[in-house]
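Trainee: Have a look at this prediction, sequence included:
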Amino acid sequence: MRRQRGTWATSLTVRKDANGSITVLMAAVLVIGAVTAALLLGAGGLAAERARVGAAADAVALAAADELAQGHGAAAARAAAAELARFNDVELDACDCEGVDAYVAVSMTIHALGTHHIAAVAHAVADFSRSSLAAGE
(Lines give C-alpha, C1' and ligand atoms only; values in the text may rest on other atoms or scores of the structure.)
Protein backbone atom coordinates (compact mmCIF):
# COMPACT_ATOMS: atom_id res chain seq x y z
CA MET A 1 0.00 0.00 0.00
CA ARG A 2 1.39 3.35 -0.99
CA ARG A 3 0.16 6.73 0.22
CA GLN A 4 0.87 10.10 -1.30
CA ARG A 5 1.63 12.89 1.14
CA GLY A 6 -1.00 15.58 1.58
CA THR A 7 -3.76 13.83 -0.39
CA TRP A 8 -6.49 11.38 0.38
CA ALA A 9 -5.56 9.16 -2.48
CA THR A 10 -4.30 5.71 -1.70
CA SER A 11 -3.54 2.82 -3.90
CA LEU A 12 -4.52 -0.63 -2.75
CA THR A 13 -2.90 -3.78 -3.87
CA VAL A 14 -4.77 -7.06 -3.62
CA ARG A 15 -2.86 -10.24 -3.13
CA LYS A 16 -3.66 -12.75 -5.82
CA ASP A 17 -4.17 -15.59 -3.32
CA ALA A 18 -6.85 -13.56 -1.43
CA ASN A 19 -9.28 -13.38 -4.35
CA GLY A 20 -12.73 -14.68 -3.32
CA SER A 21 -12.03 -14.90 0.41
CA ILE A 22 -14.59 -12.17 1.17
CA THR A 23 -17.18 -14.11 -0.83
CA VAL A 24 -16.57 -17.22 1.23
CA LEU A 25 -16.70 -15.20 4.46
CA MET A 26 -19.99 -13.54 3.47
CA ALA A 27 -21.50 -16.90 2.51
CA ALA A 28 -20.57 -18.29 5.93
CA VAL A 29 -22.09 -15.25 7.67
CA LEU A 30 -25.31 -15.66 5.65
CA VAL A 31 -25.56 -19.36 6.51
CA ILE A 32 -25.00 -18.67 10.22
CA GLY A 33 -27.60 -15.89 10.11
CA ALA A 34 -30.15 -18.11 8.39
CA VAL A 35 -29.63 -20.95 10.87
CA THR A 36 -29.94 -18.54 13.81
CA ALA A 37 -33.14 -17.05 12.39
CA ALA A 38 -34.63 -20.52 11.86
CA LEU A 39 -33.81 -21.54 15.44
CA LEU A 40 -35.31 -18.36 16.85
CA LEU A 41 -38.48 -18.76 14.80
CA GLY A 42 -38.79 -22.38 15.87
CA ALA A 43 -38.30 -21.52 19.54
CA GLY A 44 -40.84 -18.71 19.27
CA GLY A 45 -43.35 -21.04 17.65
CA LEU A 46 -42.80 -23.60 20.39
CA ALA A 47 -43.39 -20.98 23.09
CA ALA A 48 -46.57 -19.85 21.33
CA GLU A 49 -47.86 -23.43 21.16
CA ARG A 50 -47.17 -23.92 24.88
CA ALA A 51 -49.23 -20.83 25.63
CA ARG A 52 -52.01 -22.05 23.32
CA VAL A 53 -52.15 -25.45 25.04
CA GLY A 54 -52.29 -23.74 28.44
CA ALA A 55 -55.15 -21.50 27.29
CA ALA A 56 -56.96 -24.54 25.87
CA ALA A 57 -56.63 -26.33 29.22
CA ASP A 58 -58.15 -23.32 30.99
CA ALA A 59 -61.04 -23.17 28.52
CA VAL A 60 -61.71 -26.91 28.80
CA ALA A 61 -61.76 -26.73 32.61
CA LEU A 62 -64.14 -23.75 32.50
CA ALA A 63 -66.47 -25.59 30.11
CA ALA A 64 -66.59 -28.56 32.47
CA ALA A 65 -67.17 -26.30 35.50
CA ASP A 66 -69.95 -24.50 33.64
CA GLU A 67 -71.77 -27.79 33.10
CA LEU A 68 -71.35 -28.59 36.79
CA ALA A 69 -72.69 -25.14 37.75
CA GLN A 70 -75.76 -25.71 35.60
CA GLY A 71 -76.42 -28.95 37.45
CA HIS A 72 -75.90 -31.21 34.44
CA GLY A 73 -73.58 -33.59 36.29
CA ALA A 74 -70.15 -35.06 35.81
CA ALA A 75 -70.94 -36.94 32.59
CA ALA A 76 -72.14 -33.77 30.85
CA ALA A 77 -69.10 -31.92 32.19
CA ARG A 78 -66.76 -34.55 30.72
CA ALA A 79 -68.62 -34.43 27.39
CA ALA A 80 -68.34 -30.63 27.24
CA ALA A 81 -64.65 -30.84 28.09
CA ALA A 82 -64.03 -33.43 25.36
CA GLU A 83 -65.92 -31.37 22.77
CA LEU A 84 -64.00 -28.18 23.55
CA ALA A 85 -60.69 -30.07 23.58
CA ARG A 86 -61.41 -31.35 20.06
CA PHE A 87 -62.37 -27.83 18.98
CA ASN A 88 -59.01 -26.53 20.28
CA ASP A 89 -57.03 -29.34 18.59
CA VAL A 90 -55.74 -30.78 21.87
CA GLU A 91 -56.18 -34.22 23.39
CA LEU A 92 -58.15 -34.50 26.61
CA ASP A 93 -55.93 -36.77 28.70
CA ALA A 94 -57.92 -36.58 31.94
CA CYS A 95 -61.08 -34.97 33.22
CA ASP A 96 -62.01 -35.34 36.87
CA CYS A 97 -65.34 -33.65 37.54
CA GLU A 98 -66.53 -34.27 41.06
CA GLY A 99 -68.74 -31.97 43.11
CA VAL A 100 -67.92 -28.39 42.12
CA ASP A 101 -64.35 -29.02 40.92
CA ALA A 102 -63.25 -29.69 37.36
CA TYR A 103 -59.65 -30.86 36.92
CA VAL A 104 -58.45 -31.39 33.34
CA ALA A 105 -55.23 -32.38 31.61
CA VAL A 106 -54.72 -31.74 27.91
CA SER A 107 -51.80 -32.31 25.57
CA MET A 108 -50.62 -31.79 22.02
CA THR A 109 -47.74 -33.11 19.93
CA ILE A 110 -46.08 -30.65 17.58
CA HIS A 111 -43.27 -30.99 15.09
CA ALA A 112 -41.11 -27.87 15.35
CA LEU A 113 -37.38 -28.28 15.88
CA GLY A 114 -38.07 -31.95 16.43
CA THR A 115 -41.08 -33.58 18.04
CA HIS A 116 -42.39 -32.05 21.25
CA HIS A 117 -45.20 -33.23 23.52
CA ILE A 118 -46.78 -30.25 25.29
CA ALA A 119 -49.09 -30.84 28.25
CA ALA A 120 -51.06 -28.54 30.51
CA VAL A 121 -53.39 -28.96 33.46
CA ALA A 122 -56.13 -26.67 34.73
CA HIS A 123 -58.62 -26.49 37.55
CA ALA A 124 -61.93 -24.64 37.61
CA VAL A 125 -64.61 -24.43 40.29
CA ALA A 126 -68.31 -24.26 39.51
CA ASP A 127 -69.81 -20.97 40.71
CA PHE A 128 -73.38 -21.54 41.85
CA SER A 129 -73.91 -17.96 42.99
CA ARG A 130 -74.93 -16.84 39.49
CA SER A 131 -76.85 -19.91 38.41
CA SER A 132 -80.59 -20.42 38.46
CA LEU A 133 -80.07 -23.16 41.06
CA ALA A 134 -78.76 -20.61 43.60
CA ALA A 135 -81.67 -18.26 42.93
CA GLY A 136 -84.15 -21.06 43.66
CA GLU A 137 -85.80 -20.89 40.24
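Mentor: That came through fine.
Trainee: Spell out, range by range, the strands that occur in this protein.
Mentor: Per DSSP state E, the chain carries strands over the ranges 2-3, 10-11, 91-98, 101-111, 115-125.
Trainee: Which residues are in contact with the residue lying closest to residue 58 once chain neighbours are set aside?
Mentor: Distances taken as Cβ to Cβ, 6 or more residues apart in numbering place residue 122 nearest to residue 58, at 4.8 Å, with adjacent residues excluded. Every residue, glycine included, has its C-beta placed from N, CA and C. Going by Cβ atoms under 8 Å, 6 or more residues apart in numbering, residue 122 touches 54, 57, 58, 60, 61, 103, 104, 106.
Trainee: Pull the most distant pair out of those.
Mentor: Spanning the widest gap among the contacts of residue 122 are 54 and 103, at 14.8 Å by Cβ to Cβ.
Trainee: what inclination does the longest helix along the chain have with respect to strand 91-98?
Mentor: Across the chain, the helix with the greatest residue count (assigned by DSSP state H) is helix 21-69. Put simply, helix 21-69 runs at 30 degrees to strand 91-98, going by axes from the mean of the first three to the mean of the last three Cα atoms, to 10 degrees.
Trainee: elements contacting helix 21-69?
Mentor: Here helix 21-69 touches helix 73-87, strand 91-98, strand 101-111, strand 115-125, going by 3 or more Cβ pairs under 8 Å, 6 or more residues apart in numbering; DSSP states H and E.
Trainee: try 6 Å this time
Mentor: Based on contacts counted as 3 or more Cβ pairs under 6 Å, 6 or more residues apart in numbering; DSSP states H and E, the elements that helix 21-69 packs against are helix 73-87, strand 101-111, strand 115-125.
Trainee: and that helix, how far out from the chain's middle?
Mentor: Chain-centre distance of helix 21-69: 5 Å, with Cα atoms, centre = their mean, to the nearest Å.
Trainee: now the helices and strands packed on helix 21-69 in TSV, with mean pLDDT and distance to residue 39?
Mentor: TSV is the format used below for these (pLDDT from 0 to 100; distance: least, Cβ to Cβ, whole Å):
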stretch	mean pLDDT	distance to residue 39
helix 73-87	95	31
strand 101-111	93	15
strand 115-125	93	14
